[in-house]
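Novice: the sequence and its predicted three-dimensional model are supplied below.
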Amino acid sequence: MSAKFVTIERFILDNQPQTAKGDLTNLLYDIALAAKIISFKTNRAGLQEILGQAGNTNVQGEAQQKLDVFADRIIFQLCDHPGRVCVMASEEQETVLHIPDQYEKGAYALVYDPLDGSSNIDVNVSIGTIFGIYRYKDWDLRGRKEDVLQPARDLVAAGYVLYGSSTMMVYSTGQGVHGFTLDPEIGEFLLSHENMRLPDPPAYYSINSAYYNRWSKDVQSYVQWLQGRIDPPAPEPSPTLSSRYIGSLVADFHRNLLRGGIYAYPAEIGKPNGKIRLLYEAGPLAYLIDQAGGYASTGYVDILDITPDELHQRVPIYIGNRVLVEQAEKFIQGEIMVTA
Ligand code: AHG
Ligand code: MN
Ligand code: MN
């Protein structure tokens, strides 16, 4: 029996179209390299006094962690000069990030959440990086905000890196979702999960139920349905689910991708768009879940269809097995009413 070692480089290369120039392939390599650097830094965080807050707040008024700052900088630095990217947008930066004048602008627009789940950094719980890649809108004008304000349906690739008990990079270029595990001894991502599909029946629901009182009646009823406490008239009986919530979207998403389930961050009273950011979180993950046979919705619309109006726009999100997400839509749109 011969062991099959497929590195992420090999896999990306083997799967790129014959006609491709290789820029997207190489951009994915650049991101994989950033992921390795962030991973090694994350593993050593406790040793390097990098833990704790950097003393800044980001554009959204949240405290930035030192690892957020590090991850944000390293992704930009690895992608600003090889001539593959024309503009970037990061969750941690107020405006789009332009390619410095001395470097060539490429065809792709990169959006990223450099460190997702940052409240978990200091407590040694899994965190992640999320990214999405668009193609330029207009070649002569490439490098504008318009290049990143595109619906997730137009992504040409998306993925995430999970810094967990092992580090994994999971991505799609529109031909299925593939997962790679970092072998820290050789410093390579090796193919470990080819063509990931959401299992059915699903195993988990993931929602911060501490916010129960902030949700609308419809959302409350839906969550009760997830918990098996309500049997709506039709069409689906309650599933049998267990609850898991890490508070790092990447980690919650990854577990649900492997085991089946739903992650939700609903609208709240006073927070009609919830918390999750369309461009850096909801969009790329909606692209991946679609590729894995699932679905992502705001409760009203398919997240893949939303054209962002602004960089840091938020959306309510229900993402996972289609049957669970469609049921959320039915509750939220009033198709299923529960009388108390
Ligand atoms: P980020 O660390 O990039 O700001 O994202 C945090 C997000 C997401 O990862 C997670 O699922 C959610 O915030 C948790 O929020 P609550 O603590 O409100 O549940
Ligand atoms: Mn995030
Ligand atoms: Mn973040």
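Specialist: It's in. Ligands and ions are numbered 1, 2, ... in the order given.

Novice: how about the residue of the stretch 51-200 of the chain found nearest ligand 2, phi and psi?
Specialist: Using CB to the ion, the single residue of the stretch 51-200 of the chain nearest to ligand 2 is residue 116, 3.4 Å away. Yep, even glycine has a C-beta here, placed from its N, CA and C like the rest. As for residue 116, its main-chain torsions (degrees, to the nearest 10) stand at phi -100, psi 140.

Novice: close to ligand 3: what parts of the stretch 101-250 of the chain are there?
Specialist: Of all the residues in the stretch 101-250 of the chain, those in contact range of ligand 3 (CB under 5 Å from the ion) are 113, 115, 116.

Novice: in terms of pLDDT, where does the first one sit?
Specialist: I take that to be residue 113. With respect to pLDDT, residue 113 scores 98.

Novice: mind checking the SS state of it?
Specialist: What DSSP: H, G, I helix; E, B strand; the rest coil gives for residue 113 is strand.

Novice: out of the residues of the stretch 101-250 of the chain next to ligand 3, who's nearest residue 70?
Specialist: residue 115 (8.2 Å; CB to CB).

Novice: related to what we said a few turns ago, just list whatever residues bridge to the residue of the stretch 51-200 of the chain closest to ligand 2.
Specialist: residue 128 (DSSP bridges).

Novice: so where does residue 78 fall, helix or strand?
Specialist: helix 66-79 (DSSP states H and E).

Novice: elements contacting that helix?
Specialist: helix 23-43, strand 53-57, strand 85-90, strand 108-116, strand 127-135 (3 or more CB pairs under 8 Å, 6 or more residues apart in numbering; DSSP states H and E).

Novice: can you pull the residues of the protein lying near ligand 1?
Specialist: By CB under 6 Å from any ligand atom, the residues of the chain that approach ligand 1 are 91, 113, 116, 117, 118, 208, 247, 248, 249, 275.

Novice: if we use 5 Å, what do you get?
Specialist: Along the chain, the residues adjacent to ligand 1 under the rule CB under 5 Å from any ligand atom are 113, 116, 117, 118, 208, 247, 248, 249.

Novice: which of these count as buried?
Specialist: 113, 116, 117, 118, 247, 248, 249 (16 or more other CB atoms under 10 Å).

Novice: any idea how far apart the tips of stretch 105-121 sit?
Specialist: 34 Å (CA to CA, to the nearest Å).

Novice: could you shift the numbering so residue one becomes 152, and keep it that way?
Specialist: In the new numbering, first residue 152, that becomes stretch 256-272.

Novice: tell me the buried residues in that stretch?
Specialist: In stretch 256-272, counting by 16+ other CB under 10 Å, buried: 256-269, 271-272.

Novice: same thing with stretch 358-365?
Specialist: Buried, per 16+ other CB under 10 Å, within stretch 358-365: 358, 362.

Novice: can you pull the contacts of the residue lying closest to residue 406 once chain neighbours are set aside?
Specialist: Closest residue to residue 406 apart from its sequence neighbours, by CB to CB, 6 or more residues apart in numbering: residue 395 at 6.2 Å. Residue 395 is in contact with 355, 356, 357, 403, 406, 407, 412, counting by CB atoms under 8 Å, 6 or more residues apart in numbering.
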